[in-house]
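Trainee: quick one, fold the following:
(one chain, ligands or ions: 2)
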Amino acid sequence: MGSVLEIRNLHVNVEDQPILNGVNLIIKQGEIHALMGPNGSGKSTLAYTLMGHPAYEVTGGEVIFKGENILELEPDERAHLGLFLAFQYPVAIPGVSVANFLRTAINARRKLEDPNDKGISIPEFRRLLTKKMDQLKMDHGFAGRYLNDGFSGGEKKRAEILQLATLEPEIAILDETDSGLDIDALRIVAEGVDALAGPNLGVLVITHYQRILNYIKPQFVHVMFDGRIVESGGPDLALQLEEAGYDWVREKYAGAAQ
Ligand code: ADP
Ligand code: MG
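Mentor: Numbering: from 1, shown residues only. Ligands and ions are numbered 1, 2, ... in the order given. Predicted coordinates for the structure are as follows:
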């Protein structure tokens, strides 16, 4: 049986304000989920909380992965368990190429597994990187670029997808760019998820973009509103949002019990 990420009744405060008000969600290895919802509904708060950002204070609930409550683990321990979380390394690192960064990330994980590990050899790493870039139809020159240094939103996502491909996690959480509605970035994420999808990868793609089905084919679609998942369904739910927008969600759930 594959790995399962289970979010149970998660409550989160930001600056003493409740933002997540009881989120429940189960993602299994091999499943593709989309989390949608209007701006400000709490989608990114969920992503930041899962990655262990210190500004996000968990006031209730738990997140279980492989029998552990990951909220009690450090971010690198979460990654070691097989979780991939967006924004892990959002900053520009001048002088560090995408390839160097990926090799460092792979070696850090190997060292957690075995303190005596000497790291992946350069030829082995080259083979892995080439295979993954070909799988993602990426230009090999991209690996030589300095990480996030002057990257467009799309290039940042490309680096993130390449990181996802080389680290081979069991469950990945991918949030949209901070710039919001960046179609190019969403397309890169969608094509990457499409190329990497399979029985060994579970994905939660987070977006507020309503026409998501043009880009990604999730089996499960969830709508967040006011810090809760208020609707869940299949691709038809995304289609409904594409046609009708989020107004009906607001009308149905605004002022719902706090
Ligand atoms: P979404 O990703 O769905 O657009 P967010 O999770 O970014 O929503 O935001 C949800 C609410 O939490 C918003 O009201 C936002 O202002 C607030 N919030 C999120 N992160 C922070 C933060 N770091 N500091 C202050 N307020 C925040
Ligand atoms: Mg967001």
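Trainee: where does this protein have low pLDDT?
Mentor: Applying pLDDT under 70 to the chain flags residues 86-92, 177-181, 256-258.
Trainee: all helices for it, in order.
Mentor: 43-51, 75-81, 98-113, 122-135, 153-167, 183-196, 235-244, 247-253 (DSSP state H).
Trainee: quick one, which of these gets closest to ligand 2.
Mentor: Checking these against ligand 2 by C-beta to the ion gives helix 43-51 as the closest, at 3.1 Å. C-beta: built from backbone N, CA, C; applies to glycine.
Trainee: let's have the helices of the chain in TSV, adding mean neighbour count and distance to Leu147.
Mentor: As requested, these are exported to TSV (neighbours: other C-beta atoms under 10 Å; distance: least, C-beta to C-beta, whole Å):
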stretch	mean neighbour count	distance to Leu147
helix 43-51	23	18
helix 75-81	17	17
helix 98-113	17	5
helix 122-135	14	14
helix 153-167	21	6
helix 183-196	20	16
helix 235-244	16	32
helix 247-253	13	37
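Trainee: now distance to Glu57 too, for those helices, in a markdown table please.
Mentor: Putting the helices of the chain into a markdown table (distance: least, C-beta to C-beta, whole Å) gives the following:
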| stretch | distance to Glu57 |
| --- | --- |
| helix 43-51 | 9 |
| helix 75-81 | 16 |
| helix 98-113 | 26 |
| helix 122-135 | 36 |
| helix 153-167 | 26 |
| helix 183-196 | 28 |
| helix 235-244 | 30 |
| helix 247-253 | 24 |
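Trainee: need the residues of the protein near ligand 2, please.
Mentor: Contacts of the chain with ligand 2, taken as C-beta under 5 Å from the ion, map to Lys43, Ser44.
Trainee: what does the chain put close to ligand 1?
Mentor: Val14, Glu15, Ile19, Gly37, Asn39, Gly40, Ser41, Gly42, Lys43, Ser44, Thr45, Ala55 (C-beta under 6 Å from any ligand atom).
Trainee: returning to what we had before: so which of the helices of the chain is nearest Ile173?
Mentor: helix 43-51 (5.6 Å; C-beta to C-beta).
Trainee: so what touches that closest one?
Mentor: Contact with helix 43-51 is made by 7, 10, 12, 14, 19-20, 23, 35-37, 55-56, 58, 63, 70-71, 75, 78, 83, 85-88, 173, 175, 206-208, 224, 227, as judged by C-beta atoms under 8 Å, 6 or more residues apart in numbering.
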